[in-house]
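Novice: using only what follows, build the 3D model:
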Amino acid sequence: MAFAGFSSADQFAGSAFRRIRLAVAILALLVLSAGGYLLLNSSFQAEKIRETPARAQFFADAIDSALSRLAHLPYVLSLDPGTVAALQTEDVAELNPTFATIAARSGAEFVFLMDTNGRTIASSNYQDANSLVGRYYTFRPYFRSAMQGEQGRFYAVGATTGRPGYFIAEPVRDEAGTILGVIVVKVPFRDLSRAIVDSGDLILVTNAQGVVLAASEPAFLYGLIAPLSQQDRATLEQQQQFGNQVLTPLDWRESDGTQAQVSGAYYLLSRASLTQEDWTLHLLSNVGEIRRQALLFVAIGLTALLSLMIAAALYRASQLRQALAISNADRKRLETEIHDRHIAEEKLESARSELARKNQLAALGQLSASITHELGQPISAMKNYLVAEEIARAAVPGSYAPELTGLVDRMQRIVDQLRLFGRNDPAQTGQFVIQQAINDAVALVRHTAAQAGAQITVALAPDPLRTQGQANRFEQVIVNLLRNAVDAVAGAPTREITLRLTDADDVLIEVADSGTGLGGLDMDDLKEPFFSTKPSGAGMGLGLAISAQIINEMGGTLDARTAATGGAIFCIRLPKVP
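Specialist: Numbering: from 1, shown residues only. I've put the predicted structure just below:
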């Protein structure tokens, strides 16, 4: 007892030590993961802060290029004799088609010509329903700048079309240098936003008043990153720069000029100024994306680490299995040598020792061959003694020593079950018709079902189906399932058992009952040897275990589940043979 207690204490201490070591390893892994995440997040943010100014300037240069792409076109057109002649004679019959061709070839949205009063006399869209011809644009700053002899540039939402664009204007002069009118080219808005739409970051381009003129996400267009002063609001209304567009303040908060919170999201902020206009490009890199990137790297690292740990554990387990196999082989070899030595020593003894050895071997052979053979004879003898005593006393069968009779019957049922499922004759293996085997099994159980008040309904596929195995052992499985179903419906208000045979890719056999179901158990529990939900003496719990083994030997599977209606369904799947 002292040694046993010491061993239990050692096992408990070893188990506690392993749990502590596991907890320490998990804690270390968590600390390592958290530290790695913080380090990577800080590193990625620092890298982002280093690279964003250059990226912001790149996008600003791209927008500058888009603004200046057609800057030469109005100047060239202002020098064209046809443009001058049209202002002098107001004959635009040939100028309108020319402007349309130039706009189509250059990618400009509009090319139009205004006189000194600001009235449009020729336009590339002269044939459209919303033609600019005849409209006045004296309120635009680009017209006033051109009338003063300078190049005029202005971003605005078209007063006629409602589409945003960048207007570039040049004065048209005669040979004496007198300004006769203004030629204007409108660069479409898509040229300004094309460079930033697919950037992957949030990019906003604002003017001096803080109005968003271009954005990688259209929802931010015409938003305000700062409140407008009364003077700026009056100027915008006078110039009609944004037409009927509503300028909505954005949920914009800056921190130290390097971070910004926009609509509840946190970003790293970098700015770049444009050279063509007094505009500012804001490059906002989502902090959440950086955090997710850091988490992704940590997850990849943890996955790699866990994979290495699993591989190491598997390798160690393989080494232990090999060592255990070698140890078992040595042990068996040693046992064999010891056994052979005992046999050799016994051969030197007298014939009595030889006879005793043979008897022992015979007893071991009988015990390993069948338990039922050992128990069947004494049970039969006890039954014969009881029957003989009842005959001698002229008593009613079973009335003499009923407790002993019940115990003998209980032992007999156990032996019958072992004998029933213990038979295995490989010589009988072959093909058989499944319908015939099922019918034979049902015939064996119908009387038992009738006594329990249960109704068995059989639905078989019409065409004969064959499988490989021993028909009698397959019948044993069906009998066992049906008897279990009869026991399951005993005492139930509805006592119905249904057996179905379906022809599919494999042969499918289902035994369903109207009982209470499996009670949360699965097939792994039911196949466990000596596991039974029946009362003591009603069964040994070997039926389903041996049934599953029989079906497995036939190349099939045996599963169980609880039906939606509450009963149990046992399903056998077997391969078909021609």
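Novice: now residue 65: how far from residue 166?
Specialist: According to C-beta to C-beta, to the nearest Å, residue 65 stands 12 Å off from residue 166. C-beta: built from backbone N, CA, C; applies to glycine.
Novice: neighbour count winner among these two?
Specialist: residue 166 (28 against 12; other C-beta atoms under 10 Å).
Novice: checking that one next. Helix, strand or coil?
Specialist: Classification of residue 166 using DSSP: H, G, I helix; E, B strand; the rest coil returns strand.
Novice: residues in contact with the residue nearest to it when sequence neighbours are not counted?
Specialist: Nearest residue to residue 166 in three dimensions, chain neighbours excluded: residue 187, at 4.2 Å (C-beta to C-beta, 6 or more residues apart in numbering). If you count contacts by C-beta atoms under 8 Å, 6 or more residues apart in numbering, residue 187 has them with 66-67, 69-70, 108-109, 165-168.
Novice: list buried residues within those.
Specialist: 66-67, 69-70, 108-109, 165-168 (16 or more other C-beta atoms under 10 Å).
Novice: turn those into a markdown table, including pLDDT and distance to residue 237.
Specialist: As requested, the buried ones among the contacts of residue 187 are arranged in a markdown table below (pLDDT from 0 to 100; distance: C-beta to C-beta, whole Å):
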| residue | pLDDT | distance to residue 237 |
| --- | --- | --- |
| 66 | 83 | 27 |
| 67 | 84 | 24 |
| 69 | 86 | 30 |
| 70 | 89 | 28 |
| 108 | 90 | 28 |
| 109 | 89 | 24 |
| 165 | 86 | 19 |
| 166 | 90 | 20 |
| 167 | 92 | 18 |
| 168 | 93 | 23 |
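Novice: quick one: low-confidence ranges for the stretch 251-400 of the chain?
Specialist: Within the stretch 251-400 of the chain, the ranges that satisfy pLDDT under 70 run 288-294, 350-351, 353-377, 394-396, 398-400.
Novice: quick one: the strands in it?
Specialist: Applying DSSP state E, counting those that start in this stretch to the stretch 251-400 of the chain gives strands spanning 252-255, 259-262, 265-273, 280-286.
Novice: what about residue 566, neighbour count?
Specialist: By other C-beta under 10 Å, neighbour count at residue 566 equals 12.
Novice: again, but for residue 119
Specialist: A count of neighbours around residue 119, defined by other C-beta under 10 Å, yields 15.
Novice: my guess is it meets residue 135, correct?
Specialist: Yes. Look at residue 119 against residue 135 with C-beta atoms under 8 Å: they come within range, at 7.4 Å.
Novice: how close does the closest residue in space to residue 161 that isn't next to it in sequence get to residue 162?
Specialist: The spatial neighbour of residue 161 that comes closest, neighbours along the chain excluded (C-beta to C-beta, 6+ apart), is residue 130 at 6.1 Å. Separation of residue 130 from residue 162 (C-beta to C-beta): 9 Å.
Novice: what do you get for residue 452?
Specialist: For residue 452, the distance to residue 162 - C-beta to C-beta - is 85 Å.
Novice: more crowded one of those two?
Specialist: Remark: of residue 452 and residue 162, residue 452 carries more neighbours, 16 against 11, as counted by other C-beta under 10 Å.
Novice: picking up where we left off before, make JSON lines out of the strands of the stretch 251-400 of the chain and add distance to residue 88.
Specialist: Listed next are these as JSON lines, based on distance: least, C-beta to C-beta, whole Å:
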{"stretch": "strand 252-255", "distance to residue 88": "52"}
{"stretch": "strand 259-262", "distance to residue 88": "54"}
{"stretch": "strand 265-273", "distance to residue 88": "42"}
{"stretch": "strand 280-286", "distance to residue 88": "43"}
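Novice: any idea which of these is most buried?
Specialist: strand 280-286 (a mean of 22; mean count of other C-beta atoms under 10 Å).
Novice: outside of that strand itself, list whatever touches it.
Specialist: 48, 52, 55-56, 59-60, 63, 201-206, 225, 260, 262, 265-274.
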